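1. for reference, the sequence and a predicted model appear below.
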Amino acid sequence: VHALPTTGSPTHTHCPYCALQCAMSVTPSPGDGPATITPEQFPTNRGGLCRKGWTSAVLLDHPDRITTPLIRVDGHLQPTDWDTALTRVTDGILRAQASGGPDAVAVFGGGGLTNEKAYTLGKFTRLALGSRLVDYNGRWCMSSAAAGANRSFGLDRGMPFPVTDLDDARAVLLIGANPADTMPPFVQHLDTAAAAGGMVVADPRLSATAHRAVDGGGIHLRLRPGTDSALALGLLHVAVVGGHLDTEYVSTRTSGFDDAWAIAADWMPDRTERVTGVSADQLERTVELLSSSRDAGSGAYILTARGAEQHSRGTDTVGAVIALALALGLPGRPGTGYGTLTGQGNGQGGREHGQKADQLPGYRMITDPAARAHVASVWGVEPEEIPGPGLSAFELLDALGEPGGPTAMLIHASNPVVSAPDADRITARLRSLDTLVVADFVLSETAELADVVLPVPQWAEEEGTLTNLEGRVLRRRRSVTPPDGARDELWIWNELARRLGRGPERFPTDPRVVFDELARASAGGKADYSAMDWDRLDAGEALFWPCGADSPAGTPRMFLDSFATGDGRARFAVAAVDPPAEDTCPDYPLLGTTGRVLAHYQSGAQTRRVPELASAEPEMWVQVHPVVARAVGLDDGGRARVVSRRGAVEALVRCDEDMRTDTLFLPFHFAGAARANLVTLPELDPYSRMPQFKACAVRLEAA
Ligand code: SF4
């Protein structure tokens, strides 16, 4: 499996972390030292890396690396050999399915898996395990953005244009996006807008990105958490009433405007201000910036990210923002557009190849008979052999150990003990399993609960492809040799299928062979890779999907002629604004919201182990207005508890005069009693099944 030798020269690859997928080279040390990271020129990062990228080699030979399988004996994880570990896994699978049927085994994947692994994980679950229960952590990341884009455009590619299209834009509105912390090299693409005073950032707090906007003379829309939908409808109202509607675009390229206006007409500026806290003047200036830049041919874009999307009505929020973009005539035109900033490294590809509960490869719906027939033909099975839709991530985890629920679970590339909403509830569910198997390269908080831990290679030790936030498919290349004891996931699934007697030949271990198969499986689907091949990607061709029989050169810019809906028109998909999923009350008078910081990535299982990153952000904190802190006897540096109806988080107080007095902010990268998700709300979006991460009722207490 690990036959490739360590190379002594730089290998061109991409950062292991976020979806910007900055280009870098990795050069193994001639001695025992860490590999060297060198940033490379690439359109997304232009030679830049953030501190996470610069330090990404530290984990390759980190002392916390798991280098041998572990099994639980008498309550403790102990080293073992691969045969013993995999015997324990297969025994657990067979035991669960003997008593509970195929769905007694569930699988949880991740947006960090390569395309080949995401594809194989879905296929392995459905064919080798015969289970319908597979979903992944991207459900908690991009699902509302995806559902909203599918509803309005008929297709979801996070950014349907290259990031470099933003370079010349003089007006960019970001809603719930903080790339200055989450993907710093990206903000160079906003320099023109920032310098022109045309950068507008909607965020409950003065984030690093909002700072940048204000410093350039732009606008910070400091909205109340959870009111993004109302804000978008208020902006839509101002656009229409202020004469900024692109009437020709709306009449020729869209449908449903009248229904949208029937709702937006009630979102007058004074009502919008009452609900969101954003003034009428700011609403008008924002729309004026976008429309004047559009009219001058100077570029106008609207971008969203998780701040707008991680809500129990996140799909509707995305629909409202897209409606604003459509009213202004932005999507599907050169120089203007709407997009969303994908978070995880393979957050885009991870949602296209079949590890979602409701989808098959090619971004096909699992309930579509034609999709089932096509994928079955590629897999060499009958359509009836592919199980139907499963459960979304939270519902899946919440069913563990319940009557009739799964009793065994395999987790890859995910750490739900930290990242799941209402985290203690999910931790208890995981503990209740008969067999929990976690594949990881360090002992994450979830791996600590496992019955079997399988050590796997890291990014620089594997071959594969990923799809970045623009829909551009990239090669991840092996540059160093993994530890002797690690085994690649493709090998693990093949070996499990062999031990279970369930067709190991259907699960190739060579990523190149898997890519060829996933490309065939994607043919004719929404995310069509069928004209791509490994050699073209290896040669560095810029291949954006769809890249199929009709578009063999790929499609950097989408929707220029028509949208992917039945009639080719983008749909206004606007819904009435619902009351908050959980509002404040005397016991819980504040709104807690969560997010990322520059030094850490996702659950922090990786970045908390990198000394430079850990020293920059060593422990959990809560950001509050000093008035709010002092009201409960706290000040900067004090020890606080943030309490919701579900749990409490312990954190250090960081006072900030720029915070709203009804809001507090929690970074979500920390473990144990410092998990932000101990307080978050698992109320789910009816379409995307996204939990309400971004606003929950809390109170602040002195610890
Ligand atoms: Fe890596 Fe993202 Fe940082 Fe680039 S911005 S170096 S891809 S974490």
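-> Done, it's in.

2. need the contact list for the residue of the stretch 301-450 of the chain found nearest the ligand.
-> The nearest approach of the stretch 301-450 of the chain to the ligand comes at G345, 7.1 Å away (CB to the nearest ligand atom). Glycine gets a C-beta too; all of them are placed from N, C-alpha and C. Taking CB atoms under 8 Å, 6 or more residues apart in numbering, we find G345 in contact with 15-19, 21, 111-112, 459, 466.

3. near the residue nearest to it when sequence neighbours are not counted, how many other residues are there?
-> Using CB to CB, 6 or more residues apart in numbering and skipping residues adjacent in sequence, the residue nearest G345 is G112, 5.2 Å away. Neighbour count for G112, taken as other CB atoms under 10 Å: 26.

4. please list which of the contacts of G345 also come close to the ligand.
-> The residues of those that also fall near the ligand, by CB under 6 Å from any ligand atom, are 15, 17-18, 21.

5. list the buried residues of stretch 583-591.
-> Buried residues in stretch 583-591, counting neighbours by 16 or more other CB atoms under 10 Å, are found at 584, 588, 590-591.

6. got the domain ranges for this protein?
-> Under the assignment automatic domain parsing, the domains of the chain span 11-61, 70-141+346-513, 159-341, 590-702.

7. any chance of these in a markdown table, plus mean pLDDT?
-> Putting the domains of the chain into a markdown table (pLDDT from 0 to 100) gives the following:
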| stretch | mean pLDDT |
| --- | --- |
| domain 11-61 | 93 |
| domain 70-141+346-513 | 97 |
| domain 159-341 | 97 |
| domain 590-702 | 97 |
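
8. tell me the contacts of the one residue in the stretch 51-200 of the chain that gets nearest to the ligand?
-> Here the residue of the stretch 51-200 of the chain nearest the ligand is G53; by CB to the nearest ligand atom that distance is 2.4 Å. Residues near G53 by CB under 8 Å, 6+ apart: 15, 17, 22, 24, 37, 39.

9. kindly recompute the last result at 7 Å.
-> Residues near G53 by CB atoms under 7 Å, 6 or more residues apart in numbering: 15, 17, 22, 24, 37.

10. compute the first-to-last residue distance for stretch 55-68.
-> In stretch 55-68, first residue to last residue: 24 Å (CA to CA, to the nearest Å).

11. near the ligand at all, it?
-> No. Judged by CB under 6 Å from any ligand atom, stretch 55-68 and the ligand are separated, with a smallest distance of 7.0 Å.

12. quick one: buried residues of that stretch?
-> 55-60, 62, 65-66, 68.

13. isn't V26 up against A35?
-> Yes. Counting by CB atoms under 7 Å, V26 touches A35, with 5.1 Å between them.

14. got any residues that touch both of these two?
-> What both V26 and A35 touch, as defined by CB under 7 Å, 6+ apart, is the set 57, 460, 479-480.

15. any idea how far L543 is from the ligand?
-> 19 Å (CB to the nearest ligand atom, to the nearest Å).

16. quick one, phi/psi of that residue?
-> phi -110, psi 110 (degrees, to the nearest 10).

17. how many neighbours does the nearest residue to it once chain neighbours are set aside have?
-> In this structure, L543 finds its nearest non-sequential neighbour in G554, 4.3 Å apart by CB to CB, 6+ apart. By the criterion of other CB under 10 Å, G554 has 21 neighbours.

18. how about T252?
-> With other CB under 10 Å as criterion, T252 counts 10.

19. my read is it is in a strand, agree?
-> No. Counting by DSSP: H, G, I helix; E, B strand; the rest coil, T252 is not found in a strand; it is helix.

20. how near is it to G319?
-> 21 Å (CB to CB, to the nearest Å).

21. what are the contacting residues of the longest helix along the chain?
-> Counting by DSSP state H, the longest helix found in the chain is helix 82-100. Defining contact as CB under 7 Å, 6+ apart, one finds that helix 82-100 is touched by 69, 71, 104-105, 129, 407-408, 434-435, 437, 451-452, 454, 487, 495-496, 499-500.

22. tell me how far that helix lies from the chain's centre.
-> For helix 82-100, the separation from the chain centroid amounts to 31 Å (computed by CA atoms, centre = their mean, to the nearest Å).

23. show me which positions of it end up buried.
-> Buried, per 16+ other CB under 10 Å, within helix 82-100: 82, 85-86, 88-90, 92-93, 95-97, 100.

24. hmm, back to that, narrow the contacts of G345 to those in helices?
-> Going by DSSP H, the helices hold none of the contacts of G345.

25. got a list of what the residue nearest to the spatial centre of the chain touches?
-> Geometric centre of the chain, nearest residue: C141, 3.5 Å, by CA atoms, centre = their mean. Contact analysis of C141 by CB under 7 Å, 6+ apart lists 111, 306, 343-344, 347.

26. do the same with Q310
-> 690, 693-694 are the contacts of Q310 under CB under 7 Å, 6+ apart.

27. with adjacent residues omitted, what lies nearest to it?
-> Here the residue nearest Q310, using CB to CB, 6+ apart, is F693, at 3.9 Å.

28. now the helices for the stretch 251-400 of the chain?
-> Under the criterion DSSP state H, counting those that start in this stretch, the stretch 251-400 of the chain contains helices at 257-264, 269-276, 280-295, 306-309, 314-327, 369-379, 393-398.

29. in CSV, list the C-alpha atoms belonging to the shortest one.
-> Going back to what we said before, that points to helix 306-309. Only the C-alpha atoms of helix 306-309 are listed here, as CSV (Å, rounded to 0.1, in the frame of the first residue of the first chain):
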residue,chain,number,x,y,z
ARG,A,306,-21.6,29.8,7.5
GLY,A,307,-22.7,32.8,9.5
ALA,A,308,-25.7,33.2,7.2
GLU,A,309,-26.2,29.5,6.6
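
30. give me the number of residues near the residue lying closest to P626 once chain neighbours are set aside?
-> Take P626 and drop its neighbours on the chain: the residue closest to it by CB to CB, 6+ apart is C655, 4.1 Å away. Residues contacting C655 under the criterion other CB under 10 Å number 19.

31. then V73?
-> Neighbours of V73 using other CB under 10 Å come to 10.

32. residue in the stretch 501-650 of the chain nearest to the ligand?
-> Y601 (6.4 Å).

33. contacting residues around that residue?
-> Taking CB under 7 Å, 6+ apart, one finds 17-18, 52, 607 in contact with Y601.

34. by neighbour count, which of those wins?
-> Of the contacts of Y601, with other CB under 10 Å as the count, C18 tops at 28 neighbours.

35. roughly how far does the nearest residue to that one once chain neighbours are set aside sit from V577?
-> Once flanking residues are discounted, C18 sits nearest to M183: 5.1 Å by CB to CB, 6+ apart. Distance from M183 to V577, counting by CB to CB: 30 Å.

36. spell out which residues of this structure are next to the ligand.
-> Close to the ligand, as judged by CB under 6 Å from any ligand atom, the chain has residues 15, 17-18, 20-22, 45, 49-50, 52-53, 183-185.

37. tell me which two of those residues sit farthest apart.
-> By the measure CB to CB, Q21 and P184 form the most distant pair in these, at 13.8 Å.

38. quick check: I71 touching Q78?
-> Yes. I71 lies in contact with Q78 (CB under 7 Å); the separation is 6.3 Å.

39. who's more crowded, those two?
-> Using other CB under 10 Å as the criterion, I71 and Q78 rank with I71 on top: 20 against 11.

40. what are the phi and psi angles of the residue of the stretch 501-650 of the chain closest to the ligand?
-> phi -130, psi 130.

41. cool, and T125?
-> phi -60, psi -50.

42. what comes into contact with stretch 547-566?
-> Contacts of stretch 547-566 (CB under 7 Å, 6+ apart): 153-155, 157, 160-162, 331-332, 334, 523-524, 528-532, 543-546, 568-571.

43. ok, the buried residues of stretch 583-591 vs A208, which is closest?
-> L591 (20.8 Å).

44. in what helix or strand does that closest one lie?
-> strand 590-595 (DSSP states H and E).

45. one more: I492?
-> Going by DSSP H and E, I492 is in helix 489-500.
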